[in-house]
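[1] Just a sequence and a predicted model for now, questions to come.
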Number of protein chains: 2
Amino acid sequence: MATGILTAVLASDHSSVVSMNLFVALLCGCIVIGHLLEESRWMNESITALAIGVCTGVVILLTTGRKSSHLLVFSEDLFFIYLLPPIIFNAGFQVKKKQFFRNFMTIMLFGAVGTLISFAIVSVGAIEIFKKMNIEDLQIGDYLAIGAIFSATDSVCTSILVFGEGVVNDATSVVLFNAIQSFDLSHISTTTALQFAGNFLHLFISSTLLGVLAGLLSAFIIKKLYFGRHSTDREVALMILMAYLSYMLAELFYLSAILTVFFCGIVMSHYTWHNVTESSRVTTKHAFATLSFVAEIFIFLYVGMDALDIEKWRVISDTPGKSVGVSSILLGLILVGRAAFVFPLSFVSNLMKKAPYEKIGFKQQITIWWAGLMRGAVSMALAYNQFTSLGHTQLRGNAMMITSTITVVLFSTVVFGLMTKPLIRILLPSPKHLTRMLSSCHF
Amino acid sequence: MATGILTAVLASDHSSVVSMNLFVALLCGCIVIGHLLEESRWMNESITALAIGVCTGVVILLTTGRKSSHLLVFSEDLFFIYLLPPIIFNAGFQVKKKQFFRNFMTIMLFGAVGTLISFAIVSVGAIEIFKKMNIEDLQIGDYLAIGAIFSATDSVCTSILVFGEGVVNDATSVVLFNAIQSFDLSHISTTTALQFAGNFLHLFISSTLLGVLAGLLSAFIIKKLYFGRHSTDREVALMILMAYLSYMLAELFYLSAILTVFFCGIVMSHYTWHNVTESSRVTTKHAFATLSFVAEIFIFLYVGMDALDIEKWRVISDTPGKSVGVSSILLGLILVGRAAFVFPLSFVSNLMKKAPYEKIGFKQQITIWWAGLMRGAVSMALAYNQFTSLGHTQLRGNAMMITSTITVVLFSTVVFGLMTKPLIRILLPSPKHLTRMLSSCHF
């Protein structure tokens, strides 16, 4: 009786309770194991979760007789409504505001312009190469979608630049993806391109303003109404509800909810947070961080489990060479697409800065390039949206795109991810970089 | 794209975003208005939320041209999975353990035996009177369900006795209700009655043990593994996940999840809570209280809005006299059913206590009787489960039971609820009772 609402996400009634139990137990396991491995030179929590997810997937696959590998089918809705907003809000809430605003222009340059450059290169590359490889079922809209899907990064936070870029990149790629799905792509002209640019700017500015306004409103309500009398529970409840309201309002006005909730987080931590009781401060700081932490682990566990979904692999099982080829090409395009904006835009950014210590050195440019090579849950969610309907696909080209996305996500997270720590140790051997980069920001 | 998962609960896509916005804004409104009215002699937060809910329902009814009054249809699943567990867990987490265990036997007597007595009286009363009133479509199972539905209290916390009784009552009435739905009622014998009693005892003891075990396990993990090194986010995440796991495990083994999560909360606050960092302590204490607080307001707002659901009222609109009669009889049965166990069981409890200050005085018995007369969300959820399918009903008898439940919930919450504060002020004029009773516990 108490589990029916979960059936939208899960399979059937009592088996869904079993799944939920296993899943929550695995989450606990990830936290404990991640804590024990924290000192390790290579690992981080997301790789641990991904590994546990894949292992569980294998076990389920073997015990259920190769029927299915996942406890729950990857659901974009779950991801975009429940998991991503707390992560992004917390990013805004905990960001070091002084550093963020000092580097604001550079962050925007990387996050918005850089993502567009990467999108253009991956799209054009995919059109040129995949057409020659004779991949079936793909239209022009699919190629553009591939560009957006593989421009959504899942950075490891090596610096405030990469951190800020990650959030803006997220918003940009989601807006881009939605624009591609809704635009008429049969006749692309200068007018539609300009319309597209105008639309993008409008979205960007309105979303930011809405977030700032919601944050200020929460500060005003708590400061004015609660004068002289404080109630921690009410303050915390109001902050959470107002943050959620800003997210839902952005959805209502068809804005970018990710950007809105990010700026709402920034304003709340700057104004609202200083008007509440000491208990409320401690509670909100840790509650938001915990929520974000659990959501991140959840995502990686989920992606790890879903990676072995046998149905999609079966569709492409007779052409293994082609599948490996497609994944390799996509990885190559990601490497080139990111290099094509990190180095030129760093040059542009350095032109704007006067003080030498503010300029981005070449070694730092390499770490920025490397730290944004990972692809993660946003790419997965967008790929599922474009290439499946209700989690299923029978078209060979579409199935190949899904399996390639999974391959790229797993490979980039594990291989590129594991190499990030050593790479930074070699390139930037100062200890402050080593401690700063311990946290990973999953966008 | 990001709102599809809500469609299970809500109507359609973009209108559901509108509903969510309005609903979250109303929640914020309830918190602010509740805060401003806190000093008032009569009001409490649940009546405020109920009133705002009904008013919004009226506005929606008028603006949509009398089509529907609710933003969201009352969903048991939402209630039993997302709203009730945090409330009950928080009740266990914040309960004053010394007082609770000193009164343990009396609480069990009131919560378990008392609820059974109330169930028997309401059921028998309904059978006798409603059969004479010639209400259509009701079977023996429906009458027994009515007994369980109207034995689920929504107490105002006047004392630790009423508080503890509220939780046990919740578990008892839900277990009772499920047993009635699953038992074969065509031939009731002593054997089935004994089976029923055995089943009930088994459920009660197993659920309690499971909750205690889950709490102890969380304490063990945090104490052993985190020795010498603490991480607030991980500690808070583990506590939340373990609490949720205990709830899901109880569901898995078909136990009473409400009881499990309550005892898990007690053990966690007694053992786990003392092994974590100071920040974790502040965070968990306030985060759980906030969650519970928001869930309570949510429920009352929700019930208030749903009360004007025009469809059910239309079915019974040609027999207004009969409807008023049914509601009045149910209210009468509630008054009698509660009196029939509070006074005798108080007498029994007094026999067991030696010290005179531990005995329950007559004036206190009256406040205990009165404080448990309110009916709330549990009654609503059970009534919807018994008398509708997917929120709809066409049978006249069933529709009448739904509207009567709504009437009883609204009337008892508002009228009995508003009279509680003044009544206690007259009967128990000592100041400690007045401050103690300010909080209401919604079970």
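    Arrived safely.

[2] any bit of the helix or strand containing residue A:209 sitting next to chain B?
    Using DSSP states H and E, residue A:209 sits within helix A:190-225. Yes - residues of helix A:190-225 contacting chain B under C-beta under 8 Å from any C-beta of the partner chain: A:221, A:225. (Glycine included, C-beta is placed from N, CA and C.)

[3] Tell me the first helix or strand C-terminal of that helix.
    Later in the chain than helix A:190-225, the nearest helix or strand by DSSP H and E is helix A:232-252.

[4] angle of the helix holding residue A:209 against helix A:232-252?
    160 degrees (axes from the mean of the first three to the mean of the last three C-alpha atoms, to 10 degrees).

[5] Now find how far off-centre helix A:190-225 is within its chain.
    In this view, helix A:190-225 has its centroid 20 Å away from the chain centroid, taken as C-alpha atoms, centre = their mean, to the nearest Å.

[6] Please spell out which residues along that helix are buried.
    In terms of neighbour count (16 or more other C-beta atoms under 10 Å in any protein chain shown), helix A:190-225 has its buried residues at A:200, A:203-204, A:206-208, A:210-219, A:221-222.

[7] Next up, the contacts around the closest residue to residue A:242 other than its chain neighbours.
    Among residues not flanking residue A:242 along the chain, residue A:218 sits closest, at 4.0 Å (C-beta to C-beta, 6 or more residues apart in numbering or on different chains). Contacts for residue A:218 (C-beta atoms under 8 Å, 6 or more residues apart in numbering or on different chains) come out as A:238, A:239, A:242, A:243, A:268, A:272.

[8] ok, the last one - contacts?
    If I follow you right, that is residue A:272. Shown in contact with residue A:272 (C-beta under 8 Å, 6+ apart): A:215, A:218, A:219, A:222, A:239.

[9] quick one: average pLDDT of stretch A:402-413?
    Averaging pLDDT along stretch A:402-413 gives 90.

[10] Please apply the same query to stretch A:212-232.
    The average pLDDT for stretch A:212-232 rounds to 84.

[11] again with stretch A:237-248
    In this model, stretch A:237-248 carries a mean pLDDT of 93.

[12] just how off-centre is it within its chain?
    Counting by C-alpha atoms, centre = their mean, stretch A:237-248 is centred 21 Å from the centre of its parent chain.

[13] List of residues touching stretch A:295-303?
    Under C-beta under 8 Å, 6+ apart, the answer for stretch A:295-303 is A:23, A:26-27, A:30-31, A:34, A:45-47, A:49-50, A:52-53, A:56, A:72, A:74, A:79, A:82-84, A:86-87, A:376-377, A:380, A:406, A:409, A:413, A:442.

[14] Which entries within these meet the buried criterion?
    Listed as buried from these are A:23, A:26-27, A:30-31, A:34, A:45-47, A:49-50, A:52-53, A:56, A:72, A:74, A:79, A:83-84, A:86-87, A:376-377, A:380, A:406, A:409, A:413, A:442; burial here means 16+ other C-beta under 10 Å.

[15] circling back to that earlier point, check the contacts of stretch A:295-303 one by one and keep those near chain B.
    Applying C-beta under 8 Å from any C-beta to the contacts of stretch A:295-303, those adjacent to chain B are A:27, A:31, A:34, A:82.

[16] any chance of the residues you listed in JSON lines, plus secondary structure?
    Below are these laid out as JSON lines (DSSP: H, G, I helix; E, B strand; the rest coil):
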{"residue": "A:27", "secondary structure": "helix"}
{"residue": "A:31", "secondary structure": "helix"}
{"residue": "A:34", "secondary structure": "helix"}
{"residue": "A:82", "secondary structure": "helix"}
